[in-house]
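Enquirer: Make a model of this:
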Amino acid sequence: MTSENLSAPRGTSDFFPPESGRWNELEARIHALAARYGYGEIRTPLFEATELFVRGVGAQTDIVEKEMYTFTDRGGRSLTLRPEWTAPVVRAVLEHHLFTAGPLRLYYIGPIFRYERPQKGRYRQSHQFGVECFGFAGPEADLEVISLAWELVQGYGITDAVLNLNSLGDEQCRPRYREALTAHFQPHLDAMSEDARRRVGRNPLRLLDSKDPADVPYIESAPSFESFLCPACREHFEGVKAYLGLAQIPFTVNPRIVRGLDYYGRTVFEITSSVLGAQSSVCGGGRYDGLVRSLGGPDVPAVGFALGMERFLMMLAASGYAQPATRRGVQAIGLGAQARTVLTPIVAELRRLLDAPTFVDYNDRKLLAHLKTADRNRARYALILGTDELAAGELVLRDLEHRSDRRLPLDATRVVAELLVEAGT
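Expert: From the prediction side, this is the model:
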């Protein structure tokens, strides 16, 4: 294979400046927001035992049936690249006995892998931010999780964001709703998609998630779950809606929100936006009170969400959001070999003293070329040392925003650093 043939696998991406800067800014905001809500970061392996996802996500979901990257290792074990985060988080919590300390609030940032047709905002390796809140059965936890997601979206100024809310009930009321859905769809199956005919006998709720044009008319006329909720589930759903009202978070009850994973029950939600054209999901989540128990753990209630980071960044770009283009740091410019020799230890000292970046170009170039590089780096200052400055024993500190110069002694590195700190660079 020649170098011309080497490229990233289909459905994956490389990130480099300035795009990686946008990722860094989003991740920094996520870390700060999660910390404010009292959530701690969890990191799990990229691959897990295949059985974890079969049991946790559901054997009949599209993820398990069609989308997982599964392989057999040299020891004959079936392993799968992580297609979603919640089941691995629960596995890690159980393995390390974290529930013994009481309720848990965890968040994650990292890649997931799904074999699907790459399209706008959907990739075979993509990245998710999500939170998992364990140990609280009441609607207050639902509000907390939704509030965290809503604050992130609102903080970026996505003004057309809509919170869609639904309830999927529990083991008490869901069987009656399944029966009602089956009775509704059964007379129309001949006109519906092949997937619909396959799903109706296995999990009719999944039909509500179909985007096939042949299914849409029958989905729109399907009965809603809210009218089938048992008293306990109805009370919980009313509590979530009441808390959202108190928190002044607008929402729409959408009976077609079901999510694509089998572990969800009671509250489910999605935040959508139309900035990419058609209505598309920014993030989604809900309650999964039975998942911990189904994976061999205690009966622990839980609620969480996941946000696709690639799609979110695309929405930010489409909405006109621009990362603040403030100048920061200093470009060290040595004009000639002798100047670079003198400047190199000064650069090293500045990198020890400053939190802001110190940029340097070691090539022989004219001052104008160096200054253009400083502009590309968005440096606030240029520290210039040339033949004249060497002869005078001075450095020139140029303010690239206000285009003013200041001359300083060559041995004034700490003074330079203090000036830069004072300027907020």
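
Enquirer: Report the secondary structure state of residue 258.
Expert: coil (DSSP: H, G, I helix; E, B strand; the rest coil).

Enquirer: State the phi and psi torsions of it.
Expert: phi -130, psi -20 (degrees, to the nearest 10).

Enquirer: For the closest residue to it other than its chain neighbours, list the residues it contacts.
Expert: Nearest non-adjacent residue to residue 258, counting by Cβ to Cβ, 6 or more residues apart in numbering: residue 208, 4.7 Å away. Where C-beta positions appear, they are placed from N, C-alpha and C, glycine not excepted. Contacts for residue 208 (Cβ atoms under 8 Å, 6 or more residues apart in numbering) come out as 181, 219, 222, 255-256, 258.

Enquirer: and the gap between residue 208 and residue 202?
Expert: Using Cβ to Cβ, to the nearest Å, residue 208 is found at 14 Å from residue 202.

Enquirer: which residue is nearest the centroid of this structure?
Expert: Nearest to the mean C-alpha position of the chain, counting by Cα atoms, centre = their mean, stands residue 129 at 3.1 Å.

Enquirer: so what's it up against?
Expert: 30, 107-109, 306-307, 309.

Enquirer: And these, which is closest to residue 77?
Expert: Each of those was checked against residue 77 using Cβ to Cβ; the closest is residue 108, at 24.0 Å.

Enquirer: where does that closest one land in three-state SS?
Expert: strand.

Enquirer: what's near enough to touch it?
Expert: Contacts of residue 108 (Cβ under 8 Å, 6+ apart): 41-44, 85, 89, 128-132.

Enquirer: pLDDT score for it?
Expert: Per-residue pLDDT puts residue 108 at 98.

Enquirer: How about it: which residues does it bridge to?
Expert: residue 130 (DSSP bridges).

Enquirer: Poorly predicted segments of the stretch 151-300 of the chain, please.
Expert: 260-262, 278-279 (pLDDT under 70).

Enquirer: Kindly write the PyMOL command that selects the buried subset of the contacts of residue 108.
Expert: Entered in PyMOL, the line below selects the buried ones among the contacts of residue 108, by 16 or more other Cβ atoms under 10 Å:
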select buried, resi 42+44+85+89+128+129+130+131+132
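
Enquirer: Just give me the closest of the contacts of residue 108 to residue 77.
Expert: Distances from residue 77 to the contacts of residue 108, taken by Cβ to Cβ, are shortest for residue 44, at 17.1 Å.

Enquirer: show me the residues around the residue nearest to that closest one when sequence neighbours are not counted that make contact.
Expert: Of all residues not flanking residue 44 in the chain, residue 88 sits nearest, at 4.2 Å (Cβ to Cβ, 6+ apart). Neighbouring residues of residue 88 by Cβ under 8 Å, 6+ apart: 44-45, 48, 52, 82.

Enquirer: gap between residue 375 and residue 398?
Expert: 12 Å.

Enquirer: the more surrounded of these two?
Expert: Using other Cβ atoms under 10 Å, the more surrounded residue of residue 375 and residue 398 is residue 398, with 22 against 12.

Enquirer: what helix or strand does the more buried one sit in?
Expert: strand 394-399 (DSSP states H and E).

Enquirer: who does that strand pair up with?
Expert: strand 381-385 (antiparallel), strand 404-409 (antiparallel).

Enquirer: my guess is residue 45 meets residue 82, correct?
Expert: Yes. Counting by Cβ atoms under 8 Å, residue 45 sits close enough to residue 82 to count as a contact (7.5 Å).

Enquirer: Could you check which of the two has the larger neighbour count?
Expert: Each of residue 45 and residue 82 has its neighbours counted (other Cβ under 10 Å); residue 82 has more, 22 against 11.

Enquirer: What pLDDT does the model give residue 4?
Expert: pLDDT, read off for residue 4, is 66.

Enquirer: Can you give me the neighbour number for the closest residue in space to residue 123 that isn't next to it in sequence?
Expert: Closest residue in space to residue 123, ignoring its immediate chain neighbours: residue 11 at 4.8 Å, by Cβ to Cβ, 6+ apart. Residue 11 has 17 neighbours, counted by other Cβ under 10 Å.

Enquirer: just checking, residue 11 touches residue 118?
Expert: Yes. With contacts counted by Cβ under 8 Å, residue 11 reaches residue 118, the gap being 3.9 Å.

Enquirer: what is in contact with the two at once?
Expert: With contacts defined as Cβ under 8 Å, 6+ apart, the residues shared by residue 11 and residue 118 are residue 124.

Enquirer: circling back to that earlier point, let me know the closest of the contacts of residue 88 to residue 314.
Expert: Closest to residue 314, out of all of the contacts of residue 88 and judged by Cβ to Cβ, is residue 82, at 22.2 Å.

Enquirer: Tell me which residues touch that closest one, please.
Expert: So, once contact is read as Cβ under 8 Å, 6+ apart, residue 82 ends up touching 44-48, 88, 111-113.

Enquirer: what do you get for residue 51?
Expert: By Cβ under 8 Å, 6+ apart, the neighbours of residue 51 are residue 78.

Enquirer: Same question for residue 210.
Expert: 193, 195-196, 216, 219.

Enquirer: between those residues, which is closest to residue 72?
Expert: Distances from residue 72 to the contacts of residue 210, taken by Cβ to Cβ, are shortest for residue 195, at 28.5 Å.

Enquirer: Isn't the closest one up against residue 214?
Expert: No. Residue 195 is beyond contact range of residue 214, at 9.6 Å (criterion: Cβ under 8 Å).

Enquirer: Can you report how many residues neighbour residue 381?
Expert: 25.

Enquirer: If you could redo that for residue 117, that was the one I meant.
Expert: Residue 117, neighbours per other Cβ under 10 Å, totals 8.

Enquirer: SS state for it?
Expert: Reduced to three states by three-state DSSP, residue 117 is coil.

Enquirer: For it, give its distance to residue 209.
Expert: Residue 117 is 17 Å from residue 209, by Cβ to Cβ.

Enquirer: How about residue 26?
Expert: On the measure of Cβ to Cβ, residue 26 and residue 209 end up 28 Å apart.

Enquirer: quick revisit: strands - which of the contacts of residue 108 land there?
Expert: 41, 128-132 (DSSP state E).

Enquirer: Out of those residues, which is nearest to residue 102?
Expert: Closest to residue 102, out of all of the ones in strands among the contacts of residue 108 and judged by Cβ to Cβ, is residue 132, at 14.6 Å.
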